[in-house]
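1. coords please:
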Amino acid sequence: MMNSTKYAYFILSPYFDVGLFKYLWFMIIMSLYVVIVGSNVLLIVVICMNRSLHEPMYLFLCSLFVNELFGSTWLFPFLLVQILSDIHTVSAPLCFLQIFFVYIYASIEFTNLAVMSYDRYLAICYPLQYNTLMTQKKTALLIALTWLYPFIAIPVLLSLTASLQLCGNIINKVYCNNYYVVKLACYDTTVNNVYGLTYTTTIICVFILIVYSYLRILRVCFSGSKQTRQKAVSTCTPHLASLLNFSFGCFFEIIQSRFDMKNVPIIVRISLSLYWLTCPPLFNPVLYGLNLTKIRIMCISLVLGSL
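-> Sure, this is the predicted structure:
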C-alpha cells in the first residue's frame, strides 16, 4: 500500500519562477490548447458528418483525433494551473490519475498509428482485395482493440506503482510520470520492472508491424507503376510524418528518463518532455487536413458554410 499518510502529494521540481513572464507562458499554452481542440474537433466533425468519409482510413483517423483530444485535455488545463501557481505540487491521487492518462494516450496513439500503417499496407499491396480484407466489422474491431487494450494493461501497471513504499516525493518532471515515481521506491521493484518489460515487448511487436508494413509498401512502390507510386506517396506521407513526429517525442522522453540531463538548460528539458504530448495533437490535423484532398475540401466547405 502506498505511504499516503507521509506523501499525500508530490513536488514537481522543474518549474521555476519566471515572474510576470508566467502570464505570457499562460497565453502561449492557452493558445496552443485552443488550436489543438479546434482543429481536432473540426476534423472529427467533418469525418462523422460526411458518409463519403466513412471508410477505414478516415475512421482510423477519427480515432486518432479523438485520442489527441483525450490526451490534450488531461495535460493542458493542468499546465495552465501550474504556470499560474506559486506552489508546484500535485496530490497523490491526481498524480496517479495523470500517469494513467499519459500512458493511455501514448499507447492508443502508437497502436492507432500501427493500425493505420496496416490499413495502408492492405490498400497498396492488395488493392483488388482491400474491400474484402478490410471490412466494416474488421475496422470496428481494430478500433475497439486499439482503445480497449491500454485500458486493461495500464491499470495493472498503475496498481503495481501505487503499492510501492516511497522514500521521497520530488518528481523531476512538469507532470507525473510512472518511471519517476518508481525511482522513488524504497524497496525492490522487480515486479514493476518485469511487467514494464512485458508491456514494452508488446510495444516493440507493434513497432515491428509498422516497419514490416512500410517495407512492403516501399517494395510495391519501387516495383509498381507510376500511378501506384503516386497513390502510395499521397496517402503514406502524412502517416509517416505523424509516426516520425510521435517517435521523436518518445525518443526524447526516453533519453530524459534514462540519462542525467542536469547540464541541459531547464527550459530545453521542459520543452523536450512536452514534445510528444503537444506536437502530435498540434501537427496531425494539419498534416492530414492539408495532404488528404477529401478532408481538405470538406473542411473548407464546413468553415465557409459557418461564416
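2. residue 32 and residue 112, how far apart?
-> Residue 32 is 22 Å from residue 112, where distance means CB to CB, to the nearest Å. Bear in mind the C-beta positions are built from the backbone N, C-alpha and C, glycine included.
3. ditto for residue 203
-> Applying CB to CB, one obtains 13 Å for the distance of residue 203 from residue 112.
4. for the two, indicate the residue with more neighbours.
-> residue 112 (24 against 15; other CB atoms under 10 Å).
5. does that one touch residue 66 like I think?
-> No. Look at residue 112 against residue 66 with CB atoms under 8 Å: they stay out of range, at 9.5 Å.
6. give me phi/psi at residue 163?
-> Here is the backbone geometry of residue 163 (degrees, to the nearest 10): phi -80, psi 0.
7. run a quick neighbour tally on residue 245.
-> Neighbours of residue 245 (other CB under 10 Å): 18.
8. so it sits against residue 279, correct?
-> Yes. Contact status for residue 245 versus residue 279: in contact at 5.8 Å, counting by CB under 8 Å.
9. what stretches of the chain score poorly on pLDDT?
-> Within the chain, the segments meeting pLDDT under 70 span 1-6, 16-19, 224-225, 228, 231, 260, 290-294, 299-307.
10. how about residue 90, secondary structure?
-> strand (DSSP: H, G, I helix; E, B strand; the rest coil).
11. one more: residue 33?
-> helix.
12. next one: residue 15
-> With three-state DSSP as the criterion, residue 15 reads coil.
13. now do the contacts for it.
-> 82, 88, 174 (CB atoms under 8 Å, 6 or more residues apart in numbering).
14. hmm, try it at 10 Å
-> Applying CB atoms under 10 Å, 6 or more residues apart in numbering to residue 15 gives the contacts 22, 79, 82-83, 85-89, 173-174, 266, 270.
15. next step: those residues restricted to strands.
-> residue 89 (DSSP state E).
16. ok, so of the contacts of residue 15, who is nearest residue 212?
-> Using CB to CB, residue 173 comes nearest to residue 212 of the contacts of residue 15, at 33.9 Å.
17. wait, doesn't the closest one sit right on residue 266?
-> No. When contacts are counted by CB atoms under 10 Å, residue 173 is not listed as touching residue 266 (11.6 Å).
18. and for those two, which residues touch both?
-> Counting by CB under 10 Å, 6+ apart, the shared contacts of residue 173 and residue 266 are 13-15.
19. adding distance to residue 128, write these out as TSV.
-> Below are these laid out as TSV (distance: CB to CB, whole Å):
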residue	distance to residue 128
13	58
14	54
15	57
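20. and those, which is closest to residue 56?
-> For these, the nearest to residue 56 is residue 14 (41.4 Å; CB to CB).
21. nearest residue to the closest one in space, please, no chain neighbours.
-> Using CB to CB, 6 or more residues apart in numbering and skipping residues adjacent in sequence, the residue nearest residue 14 is residue 174, 5.2 Å away.
22. residues contacting the one you found?
-> 12-15, 75, 78-79, 82-83, 88, 266, 269-270, 273-274 are the contacts of residue 174 under CB under 10 Å, 6+ apart.
23. make it 8 Å
-> For residue 174, the contact set (CB under 8 Å, 6+ apart) comprises 12, 14-15, 79, 82, 270, 273-274.
24. please convert those to JSON lines, extending it with distance to residue 148.
-> Conversion of the contacts of residue 174 to JSON lines gives the following (distance: CB to CB, whole Å):
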{"residue": "12", "distance to residue 148": "31"}
{"residue": "14", "distance to residue 148": "34"}
{"residue": "15", "distance to residue 148": "35"}
{"residue": "79", "distance to residue 148": "29"}
{"residue": "82", "distance to residue 148": "32"}
{"residue": "270", "distance to residue 148": "33"}
{"residue": "273", "distance to residue 148": "28"}
{"residue": "274", "distance to residue 148": "28"}
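25. list buried residues within those.
-> By neighbour count, with 16 or more other CB atoms under 10 Å, the contacts of residue 174 hold 12, 15, 79, 82, 270, 273-274 as buried.
26. how about the residues you listed in JSON lines, adding distance to residue 98?
-> Formatted as JSON lines, the buried ones among the contacts of residue 174 follow (distance: CB to CB, whole Å):
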{"residue": "12", "distance to residue 98": "10"}
{"residue": "15", "distance to residue 98": "15"}
{"residue": "79", "distance to residue 98": "11"}
{"residue": "82", "distance to residue 98": "11"}
{"residue": "270", "distance to residue 98": "16"}
{"residue": "273", "distance to residue 98": "13"}
{"residue": "274", "distance to residue 98": "13"}
